[in-house]
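**Q** Sequence and predicted structure below; questions after.
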Amino acid sequence: LLGNASIIIPAPYALFVFMLGALLDLADLPLLAFVSGLGAAIGELTGYVLGAAWRKALDEEKKRKLEKARKLLEKPAFPLIILMAATPLPDDVISLPLGLMRYPLWKAFPAFLIGKVALCLLLAYSGKLAFTTILVAFEGGGIWAMVGTAVAMVVIAVLLVLMDWDIMLEVIEQRGWRGLLSPSFMKRILLSTGRKFRRKEKEGKKEGEEAQETAEAGEERKESEEERPEEGQ
């Protein structure tokens, strides 16, 4: 619920569902998916209510996404809501305009529920599959096979996080799902992912430099304060 109720500060609920899926018994995964999906769907109501209230404090980026969502909602809204809820695409771009447009809540909530339960079901079973795969790799190929599997999983997860979903959404709008198989789409995604990775790297380096400067300034201030009593004596 908190993972989807938070609009400005994201909460990684998907990671918890993934981890619980790895730890729980296979028979418990449908219940985990339903409970998690229900909480996530309820959390989506925050965006819906915010859209209905139409707070003017939205930034230009959010307004741009709202306009994009308005165009998307010209098509049948119910399956679109399910699609957005069942993918890693940002849900705010659909829940906010639904409130703005006063789309019936009795239609929107079931669609959110279906999509979120489907997503959580996929996450739970993926966690179980990943855990089982690591165990099998460890038993069959030793520690190096396990390390290779873990590295591959981390790489895939990083790519999913860095992928520009706005580009994917734009291609689907213009060319349909077949557009995702085109070389031009793959090129755009790779270039965008590379730019995001470099930007993240620069931001991390900048934060490290700022932290170092702050620490040095603190040490200088401390030394200055220690020198003052000596001068007074």
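**A** Okay, I see it. Numbering: from 1, shown residues only.
**Q** quick one, what contacts residue 98?
**A** Residues near residue 98 by CB atoms under 8 Å, 6 or more residues apart in numbering: 47-48, 51, 73, 77, 81, 108. Where you see a C-beta, it was placed from the backbone N, CA and C, and this is true even at glycine.
**Q** of these, closest to residue 37?
**A** Taking CB to CB as the measure, residue 37 lies nearest residue 81 of these, at 13.5 Å.
**Q** Thought residue 104 was touching that closest one, still the case?
**A** No - Residue 81 lies out of contact with residue 104 (CB atoms under 8 Å); the separation is 11.5 Å.
**Q** which one of those two has more residues nearby?
**A** Ranked by neighbour count (other CB atoms under 10 Å), residue 81 and residue 104 place residue 81 first, with 26 against 10.
**Q** residues touching the more buried one, list them.
**A** With contact set as CB under 8 Å, 6+ apart, residue 81 has these partners: 94, 98, 108, 111-112, 115.
**Q** change it to 6 Å
**A** By CB atoms under 6 Å, 6 or more residues apart in numbering, residue 81 lies in contact with residue 111.
**Q** after the worst-scoring helix or strand of the chain on mean pLDDT comes which helix or strand?
**A** Sorting the helices and strands of the chain by mean pLDDT, DSSP states H and E puts helix 2-5 at the bottom, at a mean of 44. Using DSSP states H and E, the helix or strand that directly follows helix 2-5 along the chain is helix 13-23.
**Q** just the contacts of residue 98: which has the poorest pLDDT?
**A** When the contacts of residue 98 are sorted by pLDDT, the bottom entry is residue 73 at 65.
**Q** Most neighbours among the contacts of residue 98, please name it.
**A** In terms of neighbours by other CB under 10 Å, those top out with residue 81 at 26 neighbours.
**Q** what about that residue, which helix or strand?
**A** Using DSSP H and E, residue 81 maps to helix 77-85.
**Q** swap in residue 47?
**A** Per DSSP H and E: residue 47 is located in helix 29-53.
**Q** Only the buried residues of that helix, if you could.
**A** Neighbour-count burial for helix 29-53 flags 29, 32-33, 36-48, 50-52 (criterion: 16 or more other CB atoms under 10 Å).
**Q** Could you figure out how far it is turned away from helix 13-23?
**A** 170 degrees (axes from the mean of the first three to the mean of the last three CA atoms, to 10 degrees).
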